[in-house]
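**Student:** What follows is a predicted structure for the sequence shown.
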Amino acid sequence: MCLPRTSRAQRREAMKVKRLTSAALATLFAAAVHAGDVPSEVRTQTLAFELQCLDLDTGIVSMPCVGPLEFEPRWDIVIAYHSERSRHAVVSGNASSGVAIATLEDRAFEQVGPQDVDGADFRVGRAALRSAGPDSVYLIRTDRGAIYKLGRLAEAGSSVSVDYALLVPRESQD
């Protein structure tokens, strides 16, 4: 079967329609994620205790210390090690960037959604250092204003694996 030839103008018009359709679908998907209809992708990251930090907005893992007691500005959390507790992981936010943390006790990671953000007690700095039980979920408000859930911490030697997912994109923040 032979397809008819298309003119350059027809091909340009088809590409314009394709771009508009893609943009419309992306907007609809973002609105559905924000409304809680579509779950955000769950990501897993393994971090070395106190040596690596995570930027939740980009997924980039880096070393927190650039020089003596200087911290790289583009990170959200680091997992500290508390040797006197049976669960050693302590989630710490980048206070100099205004990262805030709230803890939801006895909650399954899968059950936490955007509806849980409204009543959460977000804290910055030393008050935000959080060490919780295995069935706890952390809500992290990044320096860019997005809110993520972080949970299912699994310790293994000198590192910890965490799962995280976007709950509220930064555009929808007041």
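**Tutor:** Structure's in. What do you need?

**Student:** how about the strands in this protein?
**Tutor:** Listed in chain order, the strands of the chain (DSSP state E) span 43-48, 53-55, 60-62, 65-67, 70-71, 77-81, 89-93, 100-104, 137-141, 147-156, 159-168.

**Student:** Need those strands in TSV (columns: mean neighbour count).
**Tutor:** C-beta coordinates here come from the backbone N, C-alpha and C atoms, glycine included. Written out in TSV, the entries for the strands of the chain read as follows (neighbours: other CB atoms under 10 Å):
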stretch	mean neighbour count
strand 43-48	15
strand 53-55	23
strand 60-62	14
strand 65-67	10
strand 70-71	13
strand 77-81	21
strand 89-93	22
strand 100-104	21
strand 137-141	24
strand 147-156	20
strand 159-168	20
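
**Student:** now for those strands, which one comes closest to Arg123?
**Tutor:** Nearest of these to Arg123, taken as CB to CB: strand 100-104 at 6.1 Å.

**Student:** export that closest one as PDB, just CAs?
**Tutor:** Extracted C-alpha coordinates of strand 100-104, given in PDB (Å, rounded to 0.1, in the frame of the first residue of the first chain):
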ATOM      1  CA  ALA A 100      11.400  21.200  56.900                       C
ATOM      2  CA  ILE A 101      10.400  17.700  58.100                       C
ATOM      3  CA  ALA A 102       7.200  16.300  59.700                       C
ATOM      4  CA  THR A 103       6.800  12.800  61.000                       C
ATOM      5  CA  LEU A 104       3.700  10.600  60.700                       C
END
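
**Student:** For that strand, enumerate the helices and strands it packs against.
**Tutor:** With contacts taken as 3 or more CB pairs under 8 Å, 6 or more residues apart in numbering; DSSP states H and E, strand 100-104 sits against strand 89-93, strand 137-141.

**Student:** No more questions from me, cheers.
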